[in-house]
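Chemist: Here is a sequence with its predicted model. Questions after.
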Amino acid sequence: MESEGVSLPLIHEHPMTPWNDLRKGDCCGRSGFTNGGYCCKSCDFFVHRKCVDESTEYIEHPSHSVHTLKLQRLGNHKCDLCGRSIMNLFYRCEICYFRVDLYCAKYPPPEVIDISESHHHKLTLFKERTLFDCDANKCGEDGYEFSYQCDECDLTFHVDCVWNPPEGKNPSEVNHSYHPLHPLKLHIGQPPDYSDGKCRLCAQKICDRLFYHCSACNFSLDMRCLLNPPPQYVMDLKVHDHQLIFRPRLDSFTCNACGLSGDRNPYICVHCDFMIHQECLTLPRLININRHDHRVSRTSVLGVVNSVCGVCRQKVDWTWGGYSCQKCPHYVVHSKCATRKDVWNGKELEGVPEEIEDIEPYVVIDDNTIQHFSHKEHYLRFHVNGLLCEENKRCSACTHPICLQSFYGCIDCDFTLHQNCAESPRKKWHVLHNDRLTLVIWKSHNFICQACDRISNGFMYKCGLMELDVLCGSVSEPFVHPSHPHHPLYCIPSVEKKECNGCNNSASHVLTCIESGCGFVLCFNCATLPQVVKHRVDDHPLGLCYGEKASGKYWCDICEKETDPSKWFYTCKDHRASLHTKCVLGDLAGLMPRSTVNTVSRSFEVVLNNSVSRPFCRVCESRCMYPIVLKMLGISDLYICSLDCIRYFLYKQKSIFK
């Protein structure tokens with residue numbers, strides 16, 4: 001395939017590359033041309049060679065002989081000859097506004113056609129856009145354009161299904177090197193019922209209305225493979241040491257590259273019984289995946305016995321190919337798992353030097369002192385025993401109180417970090433994003449964590465539009481949680497939501513136990529709840545209880561409503577209380593007291609709800625019971641108590657979070 005750029009100034013502003021494709025052209029909105037076209041890689045703009053090679057700026061057309069037509073670009077119009085929509089290129093009369101697409105400019109549909117080989121009456125072009133079902137053999141698709149009609153039989157056809165201008169469309173029969181026994185005949189519409197509906201060469205579902213088929217051999221060929229069939233021979237030492245031969249047959253086999261079965265068309269090596277899927281020929285050699293800190297490389301034989309895949313956690317057959325880590329001898333991944341769109345960012349790294357950068361979050365000054373990158377102006381001193389849950393002493397990273405945990409405190413000011421938060425790396429890979437995240441410190445920025453849906457203005461792991469709070473961003477595999485101590489949890493890619501064992505709600509992003517018959521699931525919100533908190537409802541710290549089977553009714557001492565003991569709750573030292581986790585923490589636990597939450601039209605101060613008289617929420621019109629509330633700046637008595645109330649207030653104010 002040619003690669004040099006071609007200048008087509010009348011057609012497109014960028015250089016175009018000769019391209020052999022059968023997709024619909026942006027020139028005429030049709031597909032099926034057999035001599036390729038031109039493609040702009042930066043815009044993905046594709047035009048057919050037949051449409052543009054002889055196109056001039058002005059033409060005279062028999063359908064509009066009174067004036068010349070000028071080539072135009074960009075528009076949302078209808079062709080006055082076939083009634084089809086025009087989105088890009090067309091000819092237009094600048095006096096009468098007569099418009100015609102590029103295909104009809106070259107092959108205008110006649111008023112009357114004779115297709116006696118398939119229908120015994122002449123067909124008349126009906127020049128009104130109407131909704132109809134095409135009666136062409138094996139088409140059956142609807143249309144909203146001009147149509148050919150048989151008035152005697154009350155039949156209606158797409159123009160493209162019955163009008164076959166000379167040199168304008170694909171031939172009715174072709175001979176193909178991969179099916180030399182019989183010619184292949186052009187079919188329109190759906191594949192025959194007796195076939196599997198797939199192209200014999202690429203095994204893809206036939207989606208276009210046009211394809212070629214041999215009924216004697218049940219051999220179908222889509223238009224893409226007709227023009228660009230798989231090569232007969234492949235010699236690529238990155239794939240295999242010997243030449244590979246294409247075998248276009250319906251044969252069952254196991255692919256040596258990915259270990260999965262196939263039912264047709266492998267490339268084979270006659271020397272060593274090597275077989276590979278067509279699509280596995282292009283597997284990348286060296287990549288990063290979103291759940292491992294090091295690069296993984298493709299290997300023909302994994303060779304790690306009794307191993308499991310680092311993505312799906314299923315057993316890996318060590319005799320087949322896959323991906324492995326050079327630095328972690330036992331880490332292996334199935335080829336198909338490693339190259340999933342939700343695991344790999346699509347970048348081949350072979351030949352790309354690995355970045356060596358300092359991702360350590362702090363510099364060690366002495367055994368008890370560090371200088372953290374987020375607070376370079378002062379040193380932080382290590383405290384091993386923690387504090388007894390002081391509301392005013394909060395971690396600047398996760399914004400939670402310092403409560404019976406080791407922490408680093410600033411020598412000269414009140415800046416504080418939990419030990420775990422202080423050790424969070426500045427860059428890391430995460431299971432929920434395909435590119436490496438960076439730890440960002442935006443003191444005036446509030447955001448919604450995309451893993452747990454909590455609002456926060458603490459430290460944030462960010463890459464592009466992905467924003468995770470420091471707690472969710474620090475989750476890695478295997479994840480061990482006190483509620484499920486015997487088995488680790490993993491984030492297995494899935495399109496289905498799962499019900500969390502902590503809150504009984506369904507969530508898209510969950511951590512799952514892979515042990516057979518267990519089925520334990522945690523959402524990111526429950527997985528990162530603090531184990532110990534302090535609340536004014538009790539003099540002692542409250543511990544997180546992971547649900548229990550109990551009879552009778554339980555009541556929350558904060559909201560005074562019934563609790564479900566099967567859901568996680570907080571309880572006091574004597575276990576005589578079951579407090580809703582939301583009542584204890586509230587929706588705004590991720591916001592730092594005395595900070596400011598900004599919206600487009602309003603700003604709020606984050607305040608502790610620790611006064612003798614609880615403030616009154618302006619939205620839900622009840623006393624604020626959560627430990628953190630918002631107070632509108634500039635107005636002394638406007639308080640908001642929850643995230644739902646914020647959203648409703650902002651909706652009324654026609655404002656959104658920045």
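Modeler: Ah, there it is. Numbering: from 1, shown residues only.

Chemist: When you work out contacts or count neighbours from here on, use the C-alpha atoms and nothing else.
Modeler: OK.

Chemist: start to end distance for stretch 425-436?
Modeler: 11 Å (C-alpha to C-alpha, to the nearest Å).

Chemist: wait, I meant stretch 346-359
Modeler: So stretch 346-359: terminal residues 24 Å apart, C-alpha to C-alpha.

Chemist: Now do it: everything it contacts.
Modeler: By C-alpha atoms under 8 Å, 6 or more residues apart in numbering, the residues outside stretch 346-359 that reach it are 284-288, 339, 425-427.

Chemist: does residue 583 count as helix, strand or coil?
Modeler: Look at residue 583: counting by DSSP: H, G, I helix; E, B strand; the rest coil, its state is helix.

Chemist: ok, it touching residue 625?
Modeler: Yes. Applying C-alpha atoms under 8 Å as the test, residue 583 and residue 625 come out as touching, 7.3 Å apart.

Chemist: can you list residues touching both of the two?
Modeler: Residues touching both residue 583 and residue 625 by C-alpha under 8 Å, 6+ apart: 558-559.

Chemist: The two - which one has more neighbours?
Modeler: Taking other C-alpha atoms under 10 Å, residue 583 and residue 625 do not tie; residue 625 has more neighbours (21 against 18).

Chemist: need the contact list for the more buried one.
Modeler: 558-559, 583, 609, 614, 641.

Chemist: in a strand, that's where residue 175 is, yeah?
Modeler: Yes. Judged by three-state DSSP, residue 175 forms part of a strand.

Chemist: Does it touch residue 185 like I think?
Modeler: No. Contact between residue 175 and residue 185 fails when scored by C-alpha under 8 Å: they sit 9.0 Å apart.

Chemist: who has more neighbours, those two?
Modeler: Applying other C-alpha under 10 Å to residue 175 and residue 185 shows that residue 185 carries more neighbours, namely 18 against 13.

Chemist: Please report the number of neighbouring residues for the residue lying closest to the more buried one once chain neighbours are set aside.
Modeler: Among residues not flanking residue 185 along the chain, residue 173 sits closest, at 4.5 Å (C-alpha to C-alpha, 6 or more residues apart in numbering). Residues near residue 173, counting by other C-alpha under 10 Å, number 15.

Chemist: Count the neighbours of residue 602 for me.
Modeler: 15.

Chemist: quick one: pLDDT of it?
Modeler: Looking at residue 602, its pLDDT is 81.

Chemist: do the same with residue 658
Modeler: Looking at residue 658, its pLDDT stands at 44.

Chemist: what's the neighbour count on residue 66?
Modeler: Counted with other C-alpha under 10 Å, residue 66 comes out at 11.

Chemist: and it, what helix or strand is that in?
Modeler: Per DSSP states H and E: residue 66 is located in strand 64-73.

Chemist: which regions of this protein sit below the pLDDT cut-off?
Modeler: 1-4, 22, 31-35, 117-118, 137-140, 166-170, 208-209, 386-391, 654-658 (pLDDT under 70).

Chemist: Can you pull out the residues in contact with stretch 586-605?
Modeler: Stretch 586-605 is contacted by residues 394, 396, 398-400, 444-446, 454-458, 606-608, 626-633, 642-643, 653, 655-658 when judged by C-alpha under 8 Å, 6+ apart.

Chemist: Tell me which residues of it come out buried.
Modeler: 586-593, 595-598, 604-605 (16 or more other C-alpha atoms under 10 Å).

Chemist: quick one: which two of those residues are the most distant?
Modeler: Pairwise distances among the buried residues of stretch 586-605 were taken by C-alpha to C-alpha; the largest, 19.2 Å, belongs to 586 and 598.

Chemist: Stretch 232-248: how far from the chain's middle?
Modeler: 33 Å (C-alpha atoms, centre = their mean, to the nearest Å).

Chemist: what does stretch 559-574 give?
Modeler: Taking the mean of its C-alpha atoms, stretch 559-574 sits 38 Å from the chain's own mean (C-alpha atoms, centre = their mean).

Chemist: and what of stretch 375-387?
Modeler: From the chain centre to the centre of stretch 375-387 is a distance of 40 Å (C-alpha atoms, centre = their mean).

Chemist: Stretch 113-125 too?
Modeler: The chain centroid and the centroid of stretch 113-125 are separated by 48 Å, computed with C-alpha atoms, centre = their mean.

Chemist: Show me what it is in contact with.
Modeler: 109-112, 146-152, 162-163.

Chemist: how about a cut-off of 10 Å?
Modeler: With C-alpha atoms under 10 Å, 6 or more residues apart in numbering as the test, stretch 113-125 has contacts from 81-82, 109-112, 136-137, 146-153, 155-157, 159, 162-164.

Chemist: filter those to the buried ones?
Modeler: Among the contacts of stretch 113-125, the ones that count as buried by 16+ other C-alpha under 10 Å are 81-82, 109, 136, 146-150, 155-157, 159, 162-164.

Chemist: circling back: highest neighbour count among the contacts of stretch 346-359?
Modeler: residue 288 (24 neighbours).

Chemist: State the distance from that residue to residue 436.
Modeler: Distance from residue 288 to residue 436, by C-alpha to C-alpha: 9 Å.

Chemist: where do the contact lists of these two overlap?
Modeler: With C-alpha under 10 Å, 6+ apart as the test, residue 288 and residue 436 both reach 345, 429.

Chemist: tell me the phi and psi of residue 470?
Modeler: phi -70, psi -30 (degrees, to the nearest 10).

Chemist: The one 3 residues further on now?
Modeler: Comment: the main-chain dihedrals of residue 473 come out as phi -70, psi -20, following degrees, to the nearest 10.
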